[in-house]
Structures are given as structure tokens and as C-alpha cells.
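Q: Any chance you can model this:
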Amino acid sequence: MPPDLTPRTAILVGALGGALVGAVGGFLFLTERGRRVRDELQPRLAELVNEFQRVRLTAERARAREGWRESPADPGEAPADRPGEGR
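A: Numbers count the residues shown, from 1 in each chain. Below you'll find the model as predicted:
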């Protein structure tokens, strides 16, 4: 919690955030117009998920091809299987 945010303010912000999420959820799931909005958003969200999956797969392939490793705990320490690569 930021130092200038009092507990009372944090509770108020949380309550307002919860009310906003509830109002948006109610609109999307309890109204005809909300159903139309969901129907319009669904293909776009599916495209976004597919794009994230493509990026993740590309990164995994690049990591495998290049032999990327987790960085060592000490930046000056060479990886065990690559002697001489440290500082």
C-alpha cells in the first residue's frame, strides 16, 4: 500500500472498484445490449488470445533454437555448461 494511502481510502477505492466491476458484469450479462457487445467482443478476444499464443510459441522456439538459459544468480558467474562466458 502506498504510504499516502490510508486504510480508509484503500477500502473506498476497493469498494468503488468492486462496484464498477459488478456494474459492467451486470450490463454484459443481464441486458440485451450487453449480449450484443459480448457477441461483438468474442471474436476479437479470440484473436487476441491466438496472437498471444503465437508470440509465446515463437519465443519458446527461439529459446530452444538459440539454447537460451536462465541467467545465473550472480551476473559475473558463467553458466556451468559454458565455461569462460562469465565476467
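
Q: Leu57: neighbouring residues, count only.
A: 10 (other C-beta atoms under 10 Å). Every residue, glycine included, has its C-beta placed from N, CA and C.

Q: any idea how far Glu51 is from it?
A: From Leu57 across to Glu51, the span is 11 Å (C-beta to C-beta, to the nearest Å).

Q: what does Glu60 give?
A: For Glu60, the distance to Glu51 (C-beta to C-beta) stands at 15 Å.

Q: same check, this time on Gly34
A: Distance check for Gly34 against Glu51: by C-beta to C-beta, it reads 25 Å.

Q: can you check Gly26 too?
A: Separation of Gly26 from Glu51 (C-beta to C-beta): 29 Å.

Q: same deal with Gly22?
A: According to C-beta to C-beta, Gly22 and Glu51 sit 29 Å apart.

Q: Please apply the same query to Phe29.
A: Note on Phe29: its distance to Glu51, by C-beta to C-beta, is 26 Å.

Q: follow-up on the earlier one: which one of Gly34 and Glu51 has more residues nearby?
A: Set Gly34 next to Glu51 and count neighbours by other C-beta under 10 Å: Gly34 wins out with 15 against 10.

Q: quick one: contacts for that one?
A: The contact partners of Gly34, taken as C-beta atoms under 8 Å, 6 or more residues apart in numbering, are Gly26, Phe27, Leu28.

Q: mind checking how far Arg36 is from Leu28?
A: 10 Å.

Q: Which one's more surrounded, the two?
A: Comparing Arg36 with Leu28 by other C-beta under 10 Å, the one with more neighbours is Leu28, at 14 against 10.

Q: excluding its backbone neighbours, what's nearest that one?
A: In this structure, Leu28 finds its nearest non-sequential neighbour in Gly34, 4.1 Å apart by C-beta to C-beta, 6 or more residues apart in numbering.

Q: Report the central residue of the chain.
A: Residue closest to the average C-alpha location in the chain (C-alpha atoms, centre = their mean): Phe52, at 10.2 Å.

Q: Let me know the pLDDT of the residue found closest to Leu5 once you drop the neighbours it is linked to in the chain.
A: Distance criterion C-beta to C-beta, 6+ apart; nearest residue to Leu5, sequence neighbours excluded, is Val13 at 7.8 Å. Per-residue pLDDT puts Val13 at 95.
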